[in-house]
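A.B. asks: Let me see the structure of the following:
(2 chains)
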Amino acid sequence: MEWVEIGLSIGRIRGVEGVVNKIRWRGASGKEAREEWRRRVFEEKRNAVVGEYDVVIIGGGVVGAALARELSKYELKTALLEKSTDIAAGTTKANNGMIHAGVEPSRGTLKRMLNVRGNAMYGKLAEELGFRFNRVGSLWLVTPRTLASYRKYLLGPLYNLVLKHVFPWVVKIKGLVNEVRSIKIIRGRRIFELEPFATRDAVAAVYIPSTAVVDPYEVAVALAENAEANGVEIHLETEAVGFIKDGSVIRGVVTNKGVFLCRYVVNSAGLYADEVAALAGSEEYTIHPRKGVLLVFHRDTGVFTRHCLAEIILPQDPYTKGGGINPTVHGNVLWGPTAVEVPDKEDTSVTREEIEHVLNKYSGLVPGFPRDKVIRYFAGVRAATFTEDFVIRPAKWVRNLLHVAGIQSPGLAASPAIAEYAVEKLRGMGLRLKPKTGFNPRRRPMPRAADMSLEELEEKIRMDPAWGRIVCTCEFVSEAEIVEAVRRGAKTLDAVKRRTRAGMGECQGSFCTLETALILSRETGVPLDMLLKEEGRLFNGYVRGEQP
Amino acid sequence: MIGGGPSGLAAAVWLAEKGYDVAVVEVMGELGGMLTQCIHDGFGTRVFGEALSGPEFSERLVKKARLLGLKTFLNTYVKEVRIGKEFKEVVAVSPAGVQRLQTRVIVYAIGCRERNGFEIRLSGARPAGVYTAGMVQRLVNLYGVLPGRRIVIMGGGDVGMIVARHLHLEGVESILMVFPEAGFAGLPRNVQQCILDFGIPFRSRTVVKKVIGKKRVEGVVLTRVDEKWNPVEGTEEFHACDTVVLALGLVPYTGELKLGVRMDPATRGPEVNEFFETSVQGVFAVGNLVQVFDYVDDAFETACIAARGVEKYLNSGLKTAPIRLSPGENVRMLTPQRVEWVDDADVPVFLRPAVEKANVRIVVRNREGRVLGGFFKRYVRPSTLERIEVPRSMLSNLQEVSIDIAED
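C.D. replies: Next comes the predicted model:
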């Protein structure tokens, strides 16, 4: 898309801090409607005060949640506003859960620094918050295809020599420059000891042991739960529609729920960060949405991939930069993601052609992989800016607004470091940070029947029989877990699904959707026909119009 | 007996009547399986000689089970199965605790599941409002809630037609059925009674190219397809609706088979012998888990055959070298896949035709292709499962047999 190309060309010019791209393009649906709606709600709610806060965070993705938790370490009154019905309902819920080591970003970028730092912070975070975390390591394969485009410059045996002995060093040195440690170059049989099903034409591989995987929404939910336990207020279905300002200072964030008076505002609104920035009067960048499609494979396929696997091919395919095959913390395997510029921020559609593209792109990597075992596919949209780096800085034209925007890959990996960095920025902007004495860094992990031994499960059932009623048979999820998810704040079917995995197995919810909905309805008191999937109504009305 | 649907109950009742000690383990809160949500009639015409509704059919079995004092474990899910030398152990989880049941025989009767949109690579986002037909049936019939108001049903099989009729009667605003075949794939009686009688609109040679909508379904893009189901360019058309019902067919629910039993890629269920024993001795599989049947009566009968097999197994019946049965020309799949017991009774073979044809002969051939016997059929079609009774004498001293459909 030309409008993206134009923005990117300007963004690449040295010294350019941000690009605001107001070229109108086809398909960017909904922006006018959103603006109209915001204006209307603003007028309606500008005088209804909800409360007074030190910091208001706009956006409850993994970044907003990490920030909320970081701020909860201090004596502050903080509110986290999320427009959707759940934490992590945007970009955070739809990525491959990879905690990158930090080899890819360029030197001197914020991405590079925060990625490497964030990766190192994850182990402790996982331990404190009780989310699943697996340092699987990544393996980047060097194959005859790796430098095929440069073949004409590398005659005869030179090609293989460069491939096997020179190129891996280039990658390793890039990693070392980025301060990624313990990178190893491996060759020959050793590759297949690490990854037995990898393609046999791999001549060398770069092994990066610090790469890890998590369940991205589990991380965000854990962060938010812990922040909440430490006093942060989380307001769901609360969307910023405008600001009450006093000159260049924000006095309050106006939302559909009323006004949040505040001293500082953090804009971590993800895909909508540019629109929030514009509302605040400091439009310094434009988000260009970049879609990524991922395929989810059946848990049976977990044996085929131990590491995050990728094949290095230069120059990178502009359609799918990066991506690969990677295991998940649940035993499934993910293929993807693609990277496609899309005009619409909410375009999470997946087409048959895109599925084929991903299947074809990666089947060569693990030739024996049963590629027909796709049980689901999804797409997420990355919030990229035209400078393609994270934007974490005080707003230029508003004194008490901090931008935490443009957080695309490796944002999940960087998020703990982003939170620390952002809090330091807030300190620099004058926010007084007095450590809280009662801060509890720990969160009780979500208990799971699938992880328990029979004896443990028996004990649980004795205390609460709901542990013995299995609702989702594919993923072995009990009624008690669904009740617990609701108790922890899940209001919708998808929120329950993300917390419990009910509906994520082979049958994709054809057996348990209704059962889960019935429990959700019972626990929340919302009638069955009024329940939501995420934001849309699950069902609609009663037979022949009669409510029982 | 793992599974308390019609097949599981039929086999359990049969065995209990003979005095065997049978326990039925059912994951749902009541017995009857999918029949409890099938409030339409037409069940049991062969087994009971009358057309019953699903709940009536299952109630008859449940009554019998109660009379016999059959042990039933409801809300109980089988987590593990261990195969010992003489005894097998079933570890099940229920609100009452973890149950460990020692048994000599396990019969799996866990039925089938519905194919979902991901399996056919349905394009679009994943908004609320896309449901499988069975789930919709359950929602409407048991809880009185509608999935939506304007419905598109994908699939022209029996399940789709029956759900279409129900939604029509329960007061939705509009229904459109689409399917890629030239005609309905289900039973002719359902085409008449569910679709034509109520004037429900349908489009053949049409598929949903993409589901439109973010929060909730807002419509679908329909496209015409040719005989090979390839989309015809330029025929895309938007059709507004708020619900997409997927009636894409059923597949055996083998994800729950916790043993290394051999599978048949054609039926997608476990391989069985003529008494529905799987490749693991003393482990049987019945009903729609083995192969998806058209009628509950068929599933019921397989359960009774399996029950006889269980009896033979418990009384140390003899086996011979297995004779392998495989689908030949014009046959998509068949069960049993092998014949191995020493027995006198004819072997019932269930097979799914791959073609629609009049006046054909279902032919049994040996490995060399020599015809061993044939069974005349006036009309075969893929939507109707065929059953033939193969005399054992026809199979004696053979190792391999193929069954095909030929012109008469």
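
A.B. asks: you'd agree B:A321 is in a strand?
C.D. replies: Yes: according to DSSP: H, G, I helix; E, B strand; the rest coil, B:A321 belongs to a strand.

A.B. asks: Surely it touches B:E340?
C.D. replies: Yes: using C-beta atoms under 8 Å, B:A321 is in contact with B:E340, at 7.2 Å. (Glycine included, C-beta is placed from N, CA and C.)

A.B. asks: tell me which parts of the stretch 51-200 of chain B are close to chain A?
C.D. replies: B:75, B:77, B:79, B:91, B:93-98, B:113-114, B:116, B:118, B:121, B:123-129, B:131-132, B:134-135, B:138-140, B:143-149, B:170-171 (C-beta under 8 Å from any C-beta of the partner chain).

A.B. asks: Just the buried ones from those?
C.D. replies: B:75, B:77, B:79, B:91, B:93-95, B:97-98, B:113-114, B:116, B:118, B:123-129, B:131-132, B:134-135, B:138-140, B:143-148, B:170 (16 or more other C-beta atoms under 10 Å in any protein chain shown).

A.B. asks: quick one on the thing from earlier: the more surrounded of B:A321 and B:E340?
C.D. replies: B:E340 (17 against 9; other C-beta atoms under 10 Å in any protein chain shown).

A.B. asks: tell me the contacts of the more buried one?
C.D. replies: B:273-274, B:319-323 (C-beta atoms under 8 Å, 6 or more residues apart in numbering or on different chains).

A.B. asks: got any ranges where the stretch 1-150 of chain A has weak pLDDT?
C.D. replies: A:27-29 (pLDDT under 70).

A.B. asks: Specify the local secondary structure of B:L15.
C.D. replies: Going by three-state DSSP: B:L15 is helix.

A.B. asks: just the one 4 residues further on next, same as before
C.D. replies: B:G19 carries the three-state label coil when classified by three-state DSSP.

A.B. asks: Quickly note the distance from it to B:L314.
C.D. replies: According to C-beta to C-beta, to the nearest Å, B:G19 and B:L314 sit 11 Å apart.

A.B. asks: Specify which residue of these two has the higher count of neighbours.
C.D. replies: Taking neighbours as other C-beta under 10 Å, B:G19 and B:L314 compare with B:L314 leading, 14 against 8.

A.B. asks: doesn't B:V105 make contact with the more buried one?
C.D. replies: Yes: if you go by C-beta under 8 Å, B:L314 and B:V105 touch, sitting 6.6 Å apart.

A.B. asks: Quick check: which ranges of the chain have low pLDDT?
C.D. replies: Unless you meant another one, I'm taking chain A. Those would be A:27-29, A:317-321, A:547-548, if you go by pLDDT under 70 across chain A.

A.B. asks: switch to chain B, that's the one I care about
C.D. replies: Residues of chain B meeting the criterion pLDDT under 70: B:258.

A.B. asks: could you say which helix or strand contains the residue nearest the centre of it?
C.D. replies: Nearest to the centroid of the C-alpha atoms of chain B, with distances taken as C-alpha atoms, centre = their mean, sits B:V292, at 2.5 Å. Assessed by DSSP states H and E, B:V292 sits outside every helix and strand.

A.B. asks: how close does the closest residue in space to it that isn't next to it in sequence sit to A:G509?
C.D. replies: Computed as C-beta to C-beta, 6 or more residues apart in numbering or on different chains, the closest residue to B:V292 that is not its neighbour in sequence is B:L250, at 4.6 Å. To A:G509, B:L250 is 16 Å away according to C-beta to C-beta.

A.B. asks: report the longest helix in chain A, please.
C.D. replies: helix A:110-129 (DSSP state H).

A.B. asks: Report the buried residues of that helix.
C.D. replies: A:110-122, A:125-126, A:129.

A.B. asks: Give me the contact list for that helix.
C.D. replies: A:99-102, A:105-106, A:131-133, A:135, A:178-180, A:210-212, A:214, A:219, A:222-223, A:225-226, A:389-390, A:392, A:410, A:413-418, A:420-421, A:441-443, A:445.

A.B. asks: residues touching residue 168, list them.
C.D. replies: Using chain A. Counting by C-beta under 8 Å, 6+ apart, A:P168 touches A:142, A:185, A:204-206.

A.B. asks: was after chain B, sorry
C.D. replies: Residues in contact with B:H168 (C-beta under 8 Å, 6+ apart) are B:175, B:198, B:200.

A.B. asks: Name the residues of the stretch 251-400 of chain A found near chain B, please.
C.D. replies: A:346-352, A:355, A:374-379.

A.B. asks: among those residues, who's most crowded?
C.D. replies: A:V350 (27 neighbours).

A.B. asks: what about that residue, distance to A:G302?
C.D. replies: Distance from A:V350 to A:G302, by C-beta to C-beta: 22 Å.

A.B. asks: now the longest helix seen in chain B, how far from the chain's geometric center?
C.D. replies: For chain B, the helix with the greatest residue count under DSSP H is helix B:296-314. Relative to the centre of its chain, helix B:296-314 is centred 16 Å away, using C-alpha atoms, centre = their mean, to the nearest Å.

A.B. asks: and if you look at stretch A:404-419?
C.D. replies: 9 Å.

A.B. asks: circling back to that earlier point, mind checking which of the contacts of helix A:110-129 land in helices?
C.D. replies: Those of the contacts of helix A:110-129 lying in helices (DSSP H): A:219, A:222-223, A:225-226, A:413-418, A:420-421.

A.B. asks: Mind listing what's buried along the longest helix of chain B?
C.D. replies: B:296-313.

A.B. asks: Quick one: list the elements packing against it.
C.D. replies: Applying 3 or more C-beta pairs under 8 Å, 6 or more residues apart in numbering or on different chains; DSSP states H and E, we find helix B:296-314 packed against helix B:6-17, strand B:283-285, strand B:347-353.

A.B. asks: I'd like those as TSV, with distance to chain A and mean neighbour count appended.
C.D. replies: Listed next are those as TSV, based on distance: least, C-beta to the nearest C-beta, whole Å; neighbours: other C-beta atoms under 10 Å in any protein chain shown:
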stretch	distance to chain A	mean neighbour count
helix B:6-17	15	27
strand B:283-285	17	27
strand B:347-353	21	21
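
A.B. asks: To B:V191, which of these lies closest?
C.D. replies: strand B:347-353 (18.0 Å; C-beta to C-beta).

A.B. asks: Now do the closest one: everything it contacts.
C.D. replies: B:274, B:291, B:293, B:298, B:301-302, B:305, B:325, B:327, B:330-336, B:339, B:362, B:380-382, B:384-392, B:395, B:403, B:405.

A.B. asks: got a list of what residue 394 touches?
C.D. replies: You didn't pick a chain, so chain A it is. A:P394 neighbours (C-beta under 8 Å, 6+ apart): A:401-403, A:425, A:428-429.

A.B. asks: try again with chain B
C.D. replies: With C-beta under 8 Å, 6+ apart, B:M394 has these contacts: B:364, B:372-373.
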